[in-house]
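>>> can you look at this prediction? I've put the sequence above it.
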Amino acid sequence: WQSSLAWWLRLHVGYVLTELPIAFWLMLRVSNVQRPWVIRGLRSMSIMLTIAGVVLVLAQVTSLSLLLIWVPMAYGIFAAHSYRALSDRNPTQTLAAHWLAIGVLLFILMSVLGGVLGLASVQPYLVDTFWLGLQSDLAYYALVAWVLALLNQGTAELRQHNRRVTGFVPLWTISAGIFGGGFVLALMSIVQSYGLHVFDVPAETIEQSLLPLAFLWVGSKLLIAIGLGIYGIQFQRRRVMARE
């Protein structure tokens with residue numbers, strides 16, 4: 001159980017505190033919000049989301065599921081901050097705002113899933129399923145999206161060119177892989193939860209039935225890899241040179 005608590009703490013506190021500074025820096029760069037607003041937002045959201053992460057951890061060892069109401073409240077406020085920034089865009093031509101929006105959506109999905117999986121009544125249905133892996137993937141890919149946005153915006157500013165550094169092809173390819181793979185993994189998890197814990201289907205039978213979905217999930221990972229490869233090629237072509 002200690003390793004499980006460490007996993008929840010790393011996911012909902014460690015990942016969150018790593019991702020938030022990048023997200024708010026991007027909000028400052030792609031919108032008309034002011035620096036004091038960003039600093040206040042970063043400070044308040046760091047506190048609120050850290051508390052939400054601790055609540056999710058405590059839900060694993062206590063029966064106080066009522067505390068989980070804090071989680072959607074905290075992440076809802078973060079969503080409001082994100083909407084405030086993304087709805088008041090500045091003339092920046094990079095795709096940083098698009099990557100930021102994708103990361104925000106993944107971040108919110110991760111929080112919703114975390115709140116549901118943290119319920120004591122739900123936890124028995126998580127054994128031998130991919131639900132926790134899906135939650136981890138959402139947090140990881142949110143960070144990836146924001147890092148790609150950071151590279152886009154940072155490179156454009158270093159070059160002093162208000163233009164796209166990478167195009168829409170890697171954006172849509174990676175997004176399709178992330179959301180498609182997440183959907184497939186959710187379907188696999190639903191089959192496992194119902195098959196193993198509701199209908200008492202043998203694990204071997206479920207594994208066989210999941211093979212087609214598993215191939216689709218692997219295909220989504222390949223799609224993400226292809227998108228990252230295209231992103232890398234485009235980024236290399238427009239990288240900041242030393243003489244610049």
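It's in.
>>> could you list the buried residues of stretch 201-211?
I206, L210 (16 or more other CB atoms under 10 Å). The way it works is simple: take the backbone N, C-alpha and C, and place the C-beta from them, glycine included.
>>> surely A203 touches D128?
Yes: between A203 and D128 there is a contact under CB atoms under 8 Å: 7.0 Å.
>>> find the nearest non-adjacent residue to the residue nearest in space to the middle of the chain, please.
Centroid-nearest residue in the chain: A142, 2.8 Å away (criterion: CA atoms, centre = their mean). The shortest distance from A142 to any non-neighbouring residue, by CB to CB, 6 or more residues apart in numbering, is to L106 (3.9 Å).
>>> contact partners for that neighbour?
Residues near L106 by CB atoms under 8 Å, 6 or more residues apart in numbering: L138, A139, Y141, A142, A145, I178.
>>> same check on A203?
D128, L196.
>>> change it to 10 Å
D128, Q192, G195, L196 (CB atoms under 10 Å, 6 or more residues apart in numbering).
>>> quick revisit: secondary structure element for the residue nearest to A142?
Taking DSSP states H and E as the definition, L106 sits inside helix 96-117.
>>> average pLDDT for the next helix or strand after that helix?
Per DSSP H and E, the first helix or strand lying C-terminal to helix 96-117 is helix 131-159. The pLDDT scores in helix 131-159 average 94.
>>> what do you get for stretch 62-71?
Stretch 62-71 carries an average pLDDT of 81.
>>> which of the contacts of A203 sits closest to L216?
Closest approach between these and L216, by CB to CB: Q192, at 15.5 Å.
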